[in-house]
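> Sequence first, predicted model second:
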Number of protein chains: 2
Amino acid sequence: MGLAKTEMFTDKQNKISLFAKVFGHPARVAILQYLFKIDTCICGDLVSEIGLAQPTISQHLKELKNLGLIKGNVEGTSVCYCIDKDNWSNMKDIMIKFLDQDIPNTDCC
Amino acid sequence: MGLAKTEMFTDKQNKISLFAKVFGHPARVAILQYLFKIDTCICGDLVSEIGLAQPTISQHLKELKNLGLIKGNVEGTSVCYCIDKDNWSNMKDIMIKFLDQDIPNTDCC
DNA sequence: TTGTTTCATTGCAATATTACGATATAATTG
DNA sequence: CAATTATATCGTAATATTGCAATGAAACAA
């Protein structure tokens, strides 16, 4: 199979899992952290920064772009990437709401 | 391949991606939400609640247990599951720190 | 002891993900 | 135009994930 049965879950649950999945690879985490760290757009130094082959980085960027978390801008021969603020903020709200629930106070375990 | 090159990333990046990966399936999100919603341990009604086959649920529970996010207690013939408060709290801090970074104010994109 | 119930494990088929070489595309330079 | 640079896409091999039927194991009930 390898195929999640998304139709049996709520939209919210599927959304959370889609966001989580994109963070489920250290290369994508590293790309995002780099975008946060350097206070400007990324224009090309990602391949040397991360250490994976160029097609691999391109593929990871595509997944981040597909979810809307980053956006790219063609700048001559290179492409500038940066966080999509609105979408990131939206995702953050959803994820934090999931993570920050009150833990039931049942000491049966 | 299908194999992440974890050795090229920091421990923190790998940790974040491992936590995220476990949330990257709606069934595991649903299990956790159910654990939060019902204010007590889960003792057996997960299979009927989620709607996947029993071995599938068992497998998802195992992954959550492996990361330490839930713990189980044998209660007669059934097993009681609940959130592991300390580990959840720890994970939450790491994930929120990652999600809640200040977004660079560069409007080049 | 013989079921019965509940959950875990095994084994396997279907599908997804990861990584990268080769190649394509698109803008720029000479 | 030809060469260069930067990125995307294609194709494919290696590995991971998902789901479940079959089976096992452990506690309980009769």
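Good, I have the coordinates. For clarity, every value in this text was computed on a predicted model and none was experimentally measured.
> Off-centre distance for the lowest-mean-pLDDT helix or strand in chain A?
Ranked by mean pLDDT, DSSP states H and E, the weakest helix or strand in chain A is strand A:70-75, scoring a mean of 90. Its chain's C-alpha centre and that of strand A:70-75 lie 16 Å apart, by CA atoms, centre = their mean, to the nearest Å.
> ditto for stretch A:90-102
For stretch A:90-102, the distance to the chain centre is 15 Å (CA atoms, centre = their mean).
> Mind telling me which residue of chain A is nearest DNA strand C?
residue A:2 (2.2 Å; CB to the nearest atom of the strand). (Glycine included, C-beta is placed from N, CA and C.)
> What's the per-residue pLDDT of that residue here?
Here the pLDDT value assigned to residue A:2 is 74.
> Go ahead and report the secondary structure state at it.
Under the three-state scheme (DSSP: H, G, I helix; E, B strand; the rest coil), the conformation of residue A:2 reads as coil.
> thinking again about what came up before, and the least confident helix or strand of chain A, what's buried?
Neighbour-count burial for strand A:70-75, counted by 16 or more other CB atoms under 10 Å in any protein chain shown, picks out A:70-72.
> hmm, it in reach of DNA strand C?
Yes. Judged by CB under 7 Å from any atom of the strand, strand A:70-75 and DNA strand C are in contact via residue A:74.
> What of stretch A:94-109?
No. Residues of stretch A:94-109 are not located near DNA strand C by CB under 7 Å from any atom of the strand, the shortest gap being 12.4 Å.
> Also stretch A:79-87?
No. Judged by CB under 7 Å from any atom of the strand, stretch A:79-87 stays clear of DNA strand C, getting no closer than 9.9 Å.
> what's the neighbour count on residue A:53?
For residue A:53, the count of nearby residues is 10 (other CB atoms under 10 Å in any protein chain shown).
> need the contact list for it.
Residue A:53 makes contact with residue A:47, according to CB atoms under 8 Å, 6 or more residues apart in numbering or on different chains.
> Now do the phi/psi pair for it.
In terms of degrees, to the nearest 10, the main-chain angles of residue A:53 are phi -70, psi 160.
> so how far is residue A:8 from it?
The gap separating residue A:53 from residue A:8 is 37 Å, by CB to CB, to the nearest Å.
> Ok, residue A:23 next?
Separation of residue A:23 from residue A:8 (CB to CB): 23 Å.
> same thing with residue A:26?
Using CB to CB, residue A:26 is found at 30 Å from residue A:8.
> ok, back up a step: mind giving me the packing neighbours of the least confident helix or strand of chain A?
On a contact count with 3 or more CB pairs under 8 Å, 6 or more residues apart in numbering or on different chains; DSSP states H and E, strand A:70-75 meets helix A:54-66, strand A:78-83.
> which residues touch that strand?
By CB under 8 Å, 6+ apart, strand A:70-75 touches A:32, A:35, A:41, A:43, A:61, A:64-65, A:79-84, B:108-109.
> Derive a PyMOL selection command for the buried subset of those residues.
PyMOL command restricting those to the buried ones, with burial defined by 16+ other CB under 10 Å:
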select buried, (chain A and resi 32+35+41+43+61+64+79+80+81+82+83+84) or (chain B and resi 109)
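> Tell me where the model's unsure across chain A.
For chain A, the stretches flagged by pLDDT under 70 are A:39-40, A:43, A:106-109.
> Name the residues of it found near DNA strand D, please.
Contact residues, chain A versus DNA strand D (CB under 7 Å from any atom of the strand): A:1-5, A:43-44, A:47, A:54-55, A:58-59, A:61-62, A:72, A:77-79.
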